[in-house]
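Undergrad: prediction below, plus the sequence it came from.
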Amino acid sequence: MERLKNFISKAYIFIILLFLYAPIAVLIVSSFNDSKSRVVWGGFTLRWYRGVFESDQIMDALFTTMIISLSASLIATVLGVMAAIGISAMKKRSYKAVMAVNNIPMVNADIVIGISLMLWFIKFMPLGFMSVLLAHITFDVPYVILSVMPKLQQMNVSVYEAARDLGANAVYAFFKVVLPQLYGGILSGFFLAFTISMDDFVVTYFTKGAGVDTLSTLIYGELKKGIKPEMYALSTIIFALVLIVLIVVNIYSGKEERAVIDH
Amino acid sequence: MNKRSLWSGPYILWMIGFTVIPFCMILHYALTDRDGAFTFRNLLAMFEPVHLKAMTVSVEVAFFCTVICILLAYPLVIAMKRLGLFGKSYTILVLILPMWINFILRLLALQMILSNNGVLNHIFSILGLPPHELANTRTAMMIGIVYDYLPYMIVSIYNSVADIDDDIIEAARDLGAGSLTVFFRIILPLSVPGLLSGIVMVFVPSMTSFVTANIMAGGKIQLIGNIIEQEFITTMDWHLGSGLSVILMIFVLLSMAFTSRNDPDYGMSKIW
């Protein structure tokens, strides 16, 4: 009976993973397919991989996506950490009010966020790289705050006060005492913000204007003409890179966890 | 206000500039016509048959997709707990890794699998089953939406189940509770915060996923997101689009009010 239950559990997990990963397998296979048709197999090729690096359009979009995601998540992390420190010191009523506004971008439909930002941006600036960046920072910060807030609530304030009593100035005490305690939350907030920025389509679509493209908007624009197989190749490269990074981080953090337990 | 709360100053200014004012802008567009005169017409437009139908379809689709996600996610989490996969750092990573591939490309691949001469029908024919013409149907669209948002539901429920003290389950078993009793009397009630945040994360985006509807239903089904997108991109009636958006926003906020005591982000902030 136990063994049967274990078998069913394993089979079920397998089916769900199959559902989640089957489309990715199809993409990877398509990236090696020497036929522009998505359905027919025309032999093995690496030419789409060469094509990725030869296409200015794809390289530009990749570059824009990386720059926007990276700068938006970095700025959002700084803003968010400062905000979390400040908000956590607020009285209950103002705390609740600020957190309610902070939650709006997370609960609201992204199409409404994109449209409302676009309606505002066109009043004072051209739509383009800057407007997309501002929009991304706006929806990134709430996630940083949510990651950092629990760490702040666990933090022991007396350690900071002790540092001050022992003669550390506020800035020194902040960097030496407060930041190290928030490190985990800050890092996870940053990665979360980066991932969400990378994957965003809707908000970018409404705030980008003409001329600027991220990978998502470029792919969406190609939908009618048919997606270039180079896109599959690029996705496969990104997937492989992320997989390697995650495996390395996982091994590293696994060691760290064990080290913490040993102490 | 003490000195430390001043740290939040820059972000509060940011929120005013990029959350509160844009909100006022969309409200302003919603309540005026092209000549700038005050009107309720854009808000009331939601009750026109085309829009009302899109809204009904959206709510229906979002409701069923959310229920399907819950029904798929709970057994998965229970199975993972059974096999001792909790607390292993790779478990969550395996579930969110697909999100790193652009979702439009993943949907196209899913569409290929479901298409009439795709992999799925190939497997059906090998098994001697009749072929299913799923491509460009409402079913295909719902499979696409479930595919998009299932990981969010799984991660939310996983995180709240992970917080349950194993001793409680142990105690229930010692007192003679069977698996079903343990699930309905302990695991389900104690994972409600995760379930609610999962519902928020699946239900709201499901209603407006116009890209998924375009790809999976081949433009045959209009969600409220599709209507709003067309008002802005094709028809260029920004006032009407804003009016529909405001109604949508009110609906979302009202239907989510019951989860307001919980963090709307129980799941995602704990991924990394």
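TA: Structure's in. What do you need? Numbers count the residues shown, from 1 in each chain, chains lettered A, B, ... in the order given.
Undergrad: pick out the residue of chain A closest to chain B.
TA: For chain A and chain B, the shortest gap (C-beta to the nearest C-beta) falls at A:Gly86, measuring 2.7 Å. Placement of C-beta: from N, CA and C, glycine included.
Undergrad: number of residues surrounding A:Ile227?
TA: Per other C-beta atoms under 10 Å in any protein chain shown, the neighbour tally for A:Ile227 reads 18.
Undergrad: in a strand, that's where it is, yeah?
TA: No. A:Ile227: not assigned to a strand; according to DSSP: H, G, I helix; E, B strand; the rest coil it is coil.
Undergrad: quick one: contacts for the residue in chain B that chain A sits nearest to?
TA: Closest contact between chain B and chain A, by C-beta to the nearest C-beta, is at B:Ser8 (2.7 Å). Contacts for B:Ser8 (C-beta atoms under 8 Å, 6 or more residues apart in numbering or on different chains) come out as A:Met82, A:Ala83, A:Ala84, A:Ile85, A:Gly86, A:Ile87, A:Met90, A:Val98.
Undergrad: please name the nearest non-neighbouring residue to it.
TA: Nearest non-adjacent residue to B:Ser8, counting by C-beta to C-beta, 6 or more residues apart in numbering or on different chains: A:Gly86, 2.7 Å away.
Undergrad: for the contacts of B:Ser8, pick the one with the most neighbours.
TA: Most surrounded of the contacts of B:Ser8: other C-beta under 10 Å gives A:Ala84, at 29 neighbours.
Undergrad: is that one in a helix, a strand, or coil?
TA: helix.
Undergrad: could I get the full set of helices for the stretch 101-250 of chain B?
TA: B:103-114, B:119-126, B:138-162, B:166-174, B:179-182, B:188-190, B:192-208, B:210-216, B:224-233, B:238-256 (DSSP state H, counting those that start in this stretch).
Undergrad: can you check the stretch 151-263 of chain A too?
TA: Using DSSP H, counting those that start in this stretch, the helices of the stretch 151-263 of chain A run over A:157-165, A:170-173, A:179-199, A:202-207, A:215-222, A:229-262.
Undergrad: possible to save those as a markdown table with mean neighbour count?
TA: As requested, the helices of the stretch 151-263 of chain A are exported to a markdown table (neighbours: other C-beta atoms under 10 Å in any protein chain shown):
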| stretch | mean neighbour count |
| --- | --- |
| helix A:157-165 | 13 |
| helix A:170-173 | 13 |
| helix A:179-199 | 20 |
| helix A:202-207 | 25 |
| helix A:215-222 | 20 |
| helix A:229-262 | 15 |
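Undergrad: now render these as a markdown table, adding distance to B:Cys24 and mean pLDDT.
TA: Compiled in a markdown table, those are given as follows (distance: least, C-beta to C-beta, whole Å; pLDDT from 0 to 100):
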| stretch | distance to B:Cys24 | mean pLDDT |
| --- | --- | --- |
| helix A:157-165 | 37 | 84 |
| helix A:170-173 | 37 | 84 |
| helix A:179-199 | 25 | 87 |
| helix A:202-207 | 17 | 94 |
| helix A:215-222 | 27 | 91 |
| helix A:229-262 | 39 | 79 |
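Undergrad: what's the closest non-adjacent residue to the residue nearest the centre of chain A?
TA: The C-alpha lying nearest the average C-alpha coordinate of chain A belongs to A:Thr195 (C-alpha atoms, centre = their mean; 1.3 Å). Among residues not flanking A:Thr195 along the chain, B:Met99 sits closest, at 6.9 Å (C-beta to C-beta, 6+ apart).
Undergrad: point out where chain B drops to low pLDDT.
TA: Applying pLDDT under 70 to chain B flags the ranges B:1, B:258-272.
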